[in-house]
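# structure, please.
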Amino acid sequence: MLKHVLEVIELLDRPRTSGALLADHLRSVLETAAETADGVSGGTPAAKPEITVTRVEGAQGGTDFVKVVVPGSRGKLAGGDAPTLGILGRLGGVGARPERVGIVSDADGAVAALSAAAKLLDMYGRGDVLEGDVVLSTHVCPDAPTRPHDPVPFMDSPVSILDCNREEIDPAMDAVVSIDTTKGNRLLNHRGIALSPTVKEGWILRVSDDLLGVLETVTGEAAHVLPITTQDITPYGNGVHHINSIMQPCVATDAPVVGLALTTGSAVAGCATGASHETDIAAAGRFATETAKEFGRGVVRFHDADEFARLVGLYGDMTRLQSSAGAEG
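Next up is the predicted model:
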């Protein structure tokens, strides 16, 4: 995974980087792997991987959304019933030019998602096909704006959260891992990666034991949990404080969503350069990849469906928290 992280960073850390550049890289990874394939272990699905780029313009500029679909041997694309995992790299931009020169801390989510995509395409090309489909998405913008935030400045996005959710959330996703740099806070003083509680249809549920196990496996240490609040799972633009955009996918889907945060021991601005830790990003990419393996074969659960149904039955529907209520997204 670290190899893929270093290659992706090299492509993103340039003033004229683009979604097309990253898409070409991912296609090359798949083609190279296929040329050196050493047998099929999981069965090759009828569908083939798809890599697409969509340009979206917003009030503060534009960005390229990169989407990768990796079919599974028993996935929906092959006519099967294995669940589909969504892996999203959330960010404002990979760069803040001309204000800042170089790749910014906020880019970590994009790097992790694109690296996970490269790894899954490499596996697919060599014959290691997962059981479930995996849909990965992020966006590439080298000149995103910045904005004030407490305790350190945030990266802003050239497009709205509504645009991001529209491009990144796929109705086929049965669960979502949202990867985001989450360093600009004083809530979790630890360098590495951390998992949020599961959020589904306005409910903050307990942390998944299965996902904690995956996290501990890929890091080799006790799991760290990112604290989130009701404010964090409401749409951006409603006038309340959000830790960042890590939980924003939960307002646009009824699938369970978890945040995978890249964290630090001190508060680091999202627009800071020289602040990315490649080994931590690799750990995030490995978490996403291992979760895709286990979720597709039905071993990992994001939430307890029976307990969720009981909560709704006892206390009612909470989907009103997914409503924009005058917000932008």
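# the helix or strand of the chain at the bottom of the mean pLDDT ranking: how far from the chain's middle?
Every helix and strand of the chain was ranked by mean pLDDT, DSSP states H and E. The lowest is strand 154-155, at a mean of 82. Chain-centre distance of strand 154-155: 17 Å, with CA atoms, centre = their mean, to the nearest Å.
# touching, residue 90 and residue 250? I think so.
No. Between residue 90 and residue 250 there is no contact under CB atoms under 8 Å: 11.5 Å. C-beta coordinates here come from the backbone N, C-alpha and C atoms, glycine included.
# related to what we said a few turns ago, name every strand pairing with the least confident helix or strand of the chain and say which way it goes.
Applying DSSP bridges to the sheet, strand 154-155 is found paired with strand 146-147 (antiparallel).
# ok, residues contacting the partner strand?
With CB atoms under 8 Å, 6 or more residues apart in numbering as the test, strand 146-147 has contacts from 92, 96, 99, 100, 153, 154, 155, 156, 270, 271.
# do that again at 6 Å, thanks
Contact with strand 146-147 is made by 96, 153, 154, 155, 156, 271, as judged by CB atoms under 6 Å, 6 or more residues apart in numbering.
# again, but for stretch 171-182
By CB under 6 Å, 6+ apart, stretch 171-182 touches 83-90, 105-106, 108-109, 112-113, 244, 246, 249, 255-263, 284, 288, 302.
# sitting in helices, which of those residues do you find?
Mapping these onto helices (DSSP state H) picks out 108, 109, 112, 113, 284, 288.
# on the pLDDT front, check the second one for me.
The pLDDT attached to residue 109 in the predicted structure is 98.
# kindly report the same for the last one.
According to the predicted model, the pLDDT of residue 288 comes to 98.
# sketch out the helices for this protein, chain order is fine.
Using DSSP H, helices in the chain cover 2-12, 19-35, 108-126, 161-168, 209-219, 278-296, 305-315.
# can you report how many residues neighbour residue 296?
Residue 296 sits with 26 neighbouring residues when counted by other CB atoms under 10 Å.
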